[in-house]
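> 3D, please:
(2 chains)
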Amino acid sequence: MITIEKLEQIKNYHRPFLEERLKESANTTIKDGNIALNDLYYNKQTRIALKNCGIINPGNIEDYIAVDGYSALANILMNKSKAEVIEDMKASNLRGRGGAGFPTGKKWEEAFKYNADQKYMICNADEGDPGAFMDRSILENDPHSVLEGMAIGGYAVGADQGFIYVRAEYPTAVKRLKIAIEQAKELGVLGNNIFGTGFNFDIKLKLGSGAFVCGEGTALIESIEGKRGMPRTKIYRTAHKGLWQKPTIINNVETYANVPVIFQKGVEWFKSIGTEKSPGTKVFSLVGKVENAGLVEVPMGMPLREIVYDIGGGIQNGKKFKAVQTGGPSGGCIPEHLIDTPVDFESLGKIGSIMGSGGMVVMDEDTCMVDIARFFLEFTVDESCGKCIPCREGTKRMLEILERIVEGKGEEQDIETLETLSETITTASLCGLGQTAANPVVTTLKYFRDEYEAHIKDHKCPAGSCKSLIEYFITEKCIGCGMCAKACPVQCISGKPKELHIINKLACIKCGACMEACPKKVQAVIKR
Amino acid sequence: MNIIINGTTYEVEKNTTILQACKNAGIDIPTLCHDERLKPTSACRLCLVEVEGTKNLVTSCSTMVKENMVVHTHNEKVMKTRRDVLNLAISNHPLECLSCDKSGDCKLQDYCYEYGILNGTYKGAMRTPKIDSSNPFYDYDARKCILCGLCVRVCDELQCSNAIGFEDRGFEANVSTPFNEGLINSKCVSCGNCVSVCPVGALTPKGQKFRHWETSKVRTTCSYCGVGCQMDLVVKGKKIVDVEPAMDAINNGLLCVKGKFAYKFINHPDRLKTPLIKRNGKFEEATWDEAYRYITKKATEIKENYGPNSFAGLTSARCTNEENYLFQKLFRAVIGTNNIDHCARL
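The predicted structure is shown next:
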């Protein structure tokens, strides 16, 4: 059995080894006992959920203990009552990082107060948004923080069994979680009679099979129960009747990773970061046409501009910023004039987007907003479970319309139909997937309506991205070098040496190879 | 507790759904996936109502009433959404009402009529055609399926066969058997309860062509066993063309394969309608009086010559309890033997 003294011993013994190792690597600085990663990219971030990522060895529990790991759990089990833990969580106002932002303390309280012989804790690690890998990074680099967070939650609500529902497409995360659980059980920070307090908590892994909708709480529960992953109708809260009809708490990976730190450093410390209504930090997966793509963890309320320009380093190749898409397929596109919006649950909601789980796709002037809406809708159509009519039928019809528009076959009434469908899908769908599926369309219609109109009325794609609506053309500037003809994969460019070359538009597949091949000084090939 | 529906206050019991409360108040709310016997699934989204204070519309089938709840069942927002949901459903449904067996008894058809949906305005891809006619008693036409899930849930929750389930996702989702091997190769026991609950023409009994408006219903007790299931014979002219289970009876809207499908003997030419007596090696039609007299005469002779234990009686599960009782009484008291048994023991 592990004791608090033994934990301290391990920490004291192991810490110098960890520091030694980090000094050698030269990627980190150790100041006042705090270890931080070296780089301008990291300096502007505030790392709570990711604080150990890239620092500790995830396959070694002693590394985690060396950075105060499991001390919060030990302290809570020895000194705090369940009600006190819940009160602290409520006071910290930690909000669910999976997207909806429901206060974690309130959620735990619901399950805590509900009388039942068995309760469950679930970690939702079915991260599925395209381009998002926040949870993956935490699971792969700091799995113990999630385990500790779950155990603390388990103690607070009275659950002795936890499940981590992780997607099978994250094999490294699965492997490292398995090792972490094994090590934690061996040491006794998971299992029976933890720290001699009589508290039992076990964690099992459940692997998802690739359905995005299983990230939805009730569908996830169905899936753990061995059924088809389809959302349940919400008659009862999952905190009252969830997994096998028992009180169940489902939190996201990042939420759990925040929990031990809150108890280590205190509620007041946590509340000093971020905004009043959304304290703490949020990890974003900054991707797209940005110079420094990657995971960034910043205090809530940081303006989008700072994230995109100061941390992300601005747009690639000196292009112009056009929009940033937050919240994945359920989120919205934020245009340039709103780039100073602070990133927190309320502010993003106000402008029609959502925080979501933290996807952040930056787009430049070459991105067609209609095509972006089409892309996200395509994803939603693929991932709709097919249970309810508005989502199953409605998203498909929306996608069909968007496909028509980007092909230049849009019709006058299409915008109106898209608006009607958006409204129906949003108000009538069963689960969060459907209720938010129209967001990419709604926001692009709101902020980039002129692009839709250009596609439909003028049969033009202002961004020059929709293949059906553009053509490549060789101007008089052509010097007849033949580079374009050589590069063309379908041999549709003809012309004599040193004479103007011509593209056969019927055969052209619009790959753009000619434009790239044309010498920089000449730039005779244009897209129009 | 009190709730306000469409401006009128109603007293309702705790733990009732809004749908139930509305039904009790005589307010009609459309549903395609609801069945009181099953857990609510809220898939069809037609029973949506507006509850003041909630952001989105809520499904009345799965929302419990709360004190002083203010509900609007037919306001503009609700009607508009219902119309669009119906529009989406019918847009992906073959408009074959002219030749569909279900016409006249189809909920989708009725609601489209009620809500003024002429035909689907969303043109595009349609459901993948798939017809499973491997079961000898009924067919599944996936094109007409609206995925309300009633069949799957009846099979799971009430029949407990779990023969069918959903396969594929999103627009491609459809009802299927494991590994798509067809109903005949599944655990299906052909009870036909899925057919009875299908609100559209996706699951239809094999058999006679008839129009629902040409038929009348006759309530009867199933004669196959002693359970006493109540059923409605669907009669066209003088012929039984279909059987529907009675909801308001002990069988609670369920039947087995015999009750649901095995009714064709009634009009079969081979069916015996009078007793037959073998005379000169050939069966001849006789009256009941003649038959009883013949039986009595023979039975008396056998009993006198060979004793009562030369008799054995076997009764049928198709008899009622009372008939079975009388039969054993006849054997024990009249004939004088205990050689009596029943097919249910075999």
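> going forward, measure contacts and count neighbours with C-alpha atoms only.
Fine.
> Flag every residue of chain A that's near chain B.
Selection of chain A residues close to chain B by Cα under 8 Å from any Cα of the partner chain yields A:232-235, A:381-394, A:396-397, A:400, A:421, A:424, A:426-430.
> ok, 6 Å please
Applying Cα under 6 Å from any Cα of the partner chain, we find that chain A lies next to chain B at A:233, A:235, A:384-389, A:392-393, A:424, A:427.
> Could you list which residues are in contact with the residue in the stretch 351-500 of chain A that chain B sits nearest to?
In the stretch 351-500 of chain A, the residue that lies nearest chain B is residue A:386 (3.7 Å; Cα to the nearest Cα). Contact analysis of residue A:386 by Cα atoms under 6 Å, 6 or more residues apart in numbering or on different chains lists A:392, B:169-170, B:173.
> Go through the longest helix seen in chain B and flag the buried ones.
Counting by DSSP state H, the longest helix found in chain B is helix B:288-306. Neighbour-count burial for helix B:288-306, with 16 or more other Cα atoms under 10 Å in any protein chain shown as criterion, is recorded at residue B:291.
> what does that helix contact?
Counting by Cα under 6 Å, 6+ apart, no residue outside helix B:288-306 touches it.
> Kindly point out the strands partnered with the helix or strand following that helix and how each is oriented relative to it.
The helix or strand immediately downstream of helix B:288-306 is strand B:313-315, counting by DSSP states H and E. Using DSSP bridges, the strands paired with strand B:313-315 are strand B:340-342 (parallel).
> ok, the closest residue to residue A:41 other than its chain neighbours to residue B:336 distance?
Using Cα to Cα, 6 or more residues apart in numbering or on different chains and skipping residues adjacent in sequence, the residue nearest residue A:41 is residue A:311, 5.8 Å away. Distance, residue A:311 to residue B:336, using Cα to Cα, to the nearest Å: 102 Å.
> What residue spans form the domains of the chain?
Looking at chain A here, since you left the chain open. A:4-271, A:281-364, A:369-457, A:471-527 (automatic domain parsing).
> could you do chain B instead?
B:2-89, B:127-206, B:215-269, B:276-345.
> circling back: output the domains of chain A as a markdown table; include the columns mean pLDDT.
What follows is the domains of chain A, written out as a markdown table (pLDDT from 0 to 100):
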| stretch | mean pLDDT |
| --- | --- |
| domain A:4-271 | 93 |
| domain A:281-364 | 92 |
| domain A:369-457 | 95 |
| domain A:471-527 | 91 |
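> and those domains as a markdown table, adding distance to residue B:31?
A markdown table is the format used below for the domains of chain A (distance: least, Cα to Cα, whole Å):
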| stretch | distance to residue B:31 |
| --- | --- |
| domain A:4-271 | 15 |
| domain A:281-364 | 28 |
| domain A:369-457 | 12 |
| domain A:471-527 | 50 |
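> Select, out of the ones you listed, the one closest to residue B:140.
Nearest to residue B:140 among the domains of chain A is domain A:369-457; the distance by Cα to Cα comes to 18.4 Å.
> chain center to that closest one, what's the gap?
21 Å (Cα atoms, centre = their mean, to the nearest Å).
> what does stretch A:13-20 contact?
By Cα under 6 Å, 6+ apart, stretch A:13-20 touches residue A:66.
> Then stretch A:515-528?
Under Cα under 6 Å, 6+ apart, the answer for stretch A:515-528 is A:470-475, A:477-478, A:483-484.
> Also stretch B:8-27?
Contacts of stretch B:8-27 (Cα under 6 Å, 6+ apart): B:1-3, B:60-61, B:63-65.
> So what's the residue count around the closest residue to chain B within the stretch 1-150 of chain A?
As assessed by Cα to the nearest Cα, chain B sits closest to residue A:100 within the stretch 1-150 of chain A, at 14.5 Å. Neighbour count of residue A:100, defined by other Cα atoms under 10 Å in any protein chain shown: 14.
> measure the nearest residue to it once chain neighbours are set aside to residue A:208 for me?
Nearest residue to residue A:100, sequence neighbours excluded (Cα to Cα, 6+ apart): residue A:356, at 6.6 Å. Between residue A:356 and residue A:208 the distance is 20 Å, computed by Cα to Cα.
> Please apply the same query to residue A:346.
31 Å.
> Tell me where the stretch 101-250 of chain A has strands.
With strands called from DSSP state E, counting those that start in this stretch, the stretch 101-250 of chain A shows them at A:120-125, A:161-167, A:191-194, A:199-208, A:248-252.
> Including mean neighbour count, could those go into a markdown table?
As requested, these are exported to a markdown table (neighbours: other Cα atoms under 10 Å in any protein chain shown):
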| stretch | mean neighbour count |
| --- | --- |
| strand A:120-125 | 27 |
| strand A:161-167 | 24 |
| strand A:191-194 | 18 |
| strand A:199-208 | 20 |
| strand A:248-252 | 28 |
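> Cool, thanks, talk later.
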